[in-house]
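**Student:** got a sequence here, can you build the structure:
(one chain, ligands or ions: 1)
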Amino acid sequence: MTIGLDDVVAAETSLSHVDGEAGRLIIAGHDLEELAGRVSFEDVTAMLWDGLIPDAASDPKALLSAARQRAYAHLAPLSPQLAGLTPVEGMRLLLASLPDAERDHAALAVGAAGVAAAMAVRGARGLAPVAPDSLLGHAADILRMMRGAPVSAEEARGLDTYLVTVIDHGLNASTFTARVVASTQAGILSSVVAGLCALKGPLHGGAPGPVLDMLDAIGSIDHAEAWLDDAIARGERLMGFGHRIYKVRDPRADVLMAAVGRLKGKSNRIAFAEAVEATALKVLERRKPGRRLDTNVEFYTAILLDALGVPREGFTPLFAAGRSAGWVAHAIEQTRTGRIIRPQSRYVGAWPAEAA
Ligand code: CMC
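**Tutor:** Model prediction:
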């Protein structure tokens, strides 16, 4: 028995494959590098949903645009309830308000995740929601709704690259959670809410905000080695490093690093982040010999989303907005097996006296 389910195969999927030794991520039959920054989030969503959701491939841009409009009509009245919640808590409240019985709930879940991410970031700051624009692509519209101002084509491409990069990733904790919920036939929207709840922890999708906190605390590269060394000595984990599956550099880190490089005028920030990354790898090698800890997706997520002007509390909601398309596909794939996921535990508690 494996505590933590390392190495346990709990599902068969045609959606994505993570090769942790080669540092390779395959999504819907394509290497990540063929998709991110080259194919839109809507089109990659259609590739994932092909064969699972009827007509997903015919006009995915229109499908998600209509879904954002429909989601906004549901969610906008809840905006006053967002004050006092963190954006990820606000997003959870908004998605949980959607009825499972809604029609076209696959597209609705992804449209709603984008709208809710933007609304929850604004709502946490006491700002009114911004309605979707049906003419924009999914990434451009999310960034515009979050910011309340137009976005450039370069910025839209940056966020689109990010959403594609995180769209699916094997049987990670949130996807597994979404599949467990789907396996009970609870419905797609419930699976997506459950996925978000699992994603928000700092060991999974909650890491990129703390990556930025770490870079701010380090402040200058002269302090990096001592700061990182002290953090590990205190038993802390360096955010943005290490992975259960990848034993080499996470390929998503490279894709996002390239996306940061395409944004103009950010070179000082990138140079600092790269220098901290190199120092952290050196410190990890020295402090944790043989553990094969390398850079994960969250490190460059933080740099990219910060460069796009997203506040750090909005990083995890945007991760969820991208991953929602994967959760939906996994939920349908799992539902089709018709089999509930129901593993076993080993009892290590007390036995009643008569059985001892
Ligand atoms: N900094 C310092 N030490 C680390 C780190 C880290 N980031 N990650 C793992 N270790 C150490 C850990 O302390 C342990 O050392 P020891 O054997 O001396 O106790 C050893 O490496 C093995 O760690 P583990 O706990 O067995 O690794 P895991 O597979 O259970 O954990 C992880 C994977 C991602 C939770 C962990 O690496 C971590 O906490 N990283 C920091 C948080 C982070 O960046 N999270 C985002 C993950 S990527 C996004 C996603 O796909 O979800």
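**Student:** quick one: contacts of the helix or strand that contains A140?
**Tutor:** When secondary structure is defined using DSSP states H and E, the element that contains A140 is helix 138-147. Residues lying outside helix 138-147 but in contact with it, judged by C-beta atoms under 8 Å, 6 or more residues apart in numbering, are 40-42, 61, 64-65, 68, 114-115, 117-119, 121-122, 129-133, 136, 150-151, 153, 155-157, 159-160, 162-163, 308-310, 314, 318, 321. Where C-beta positions appear, they are placed from N, C-alpha and C, glycine not excepted.
**Student:** the inter-axis angle of the helix or strand following that helix versus helix 138-147?
**Tutor:** Scanning the chain past helix 138-147 towards its C-terminal end, the next helix or strand to appear is helix 153-165 (assignment: DSSP H and E). Using axes from the mean of the first three to the mean of the last three C-alpha atoms, to 10 degrees, the interaxial angle of helix 153-165 with respect to helix 138-147 works out to 110 degrees.
**Student:** re earlier: export the helix holding A140 as CSV, just CAs?
**Tutor:** The C-alpha trace of helix 138-147 is given here as CSV (Å, rounded to 0.1, in the frame of the first residue of the first chain):
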residue,chain,number,x,y,z
HIS,A,138,-11.1,34.0,-23.6
ALA,A,139,-7.7,35.1,-22.2
ALA,A,140,-8.0,38.7,-23.4
ASP,A,141,-11.5,39.0,-22.0
ILE,A,142,-10.6,37.5,-18.6
LEU,A,143,-7.6,40.0,-18.2
ARG,A,144,-9.9,42.9,-19.3
MET,A,145,-12.6,41.9,-16.9
MET,A,146,-10.1,41.6,-14.1
ARG,A,147,-8.3,44.9,-14.8
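**Student:** tell me the gap between it and the middle of its chain.
**Tutor:** Here the centre of mass of C-alpha atoms in helix 138-147, compared against the chain's by C-alpha atoms, centre = their mean, to the nearest Å, lies 16 Å away.
**Student:** repeat for stretch 64-74
**Tutor:** Going by C-alpha atoms, centre = their mean, the spacing between the C-alpha centre of stretch 64-74 and its chain's C-alpha centre is 21 Å.
**Student:** now do the contacts for the residue nearest to H74 when sequence neighbours are not counted.
**Tutor:** Taking C-beta to C-beta, 6 or more residues apart in numbering as the measure, H74 lies nearest to L98, with 6.1 Å between them; neighbours along the chain are not counted. Residues near L98 by C-beta under 8 Å, 6+ apart: A71, H74, L75, H105, L108, A109, A112, L189.
**Student:** could you export those residues as a markdown table, including distance to the ligand and secondary structure?
**Tutor:** Listed next are these as a markdown table, based on distance: C-beta to the nearest ligand atom, whole Å; DSSP: H, G, I helix; E, B strand; the rest coil:
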| residue | distance to the ligand | secondary structure |
| --- | --- | --- |
| A71 | 25 | helix |
| H74 | 29 | helix |
| L75 | 26 | helix |
| H105 | 25 | helix |
| L108 | 25 | helix |
| A109 | 20 | helix |
| A112 | 22 | helix |
| L189 | 22 | helix |
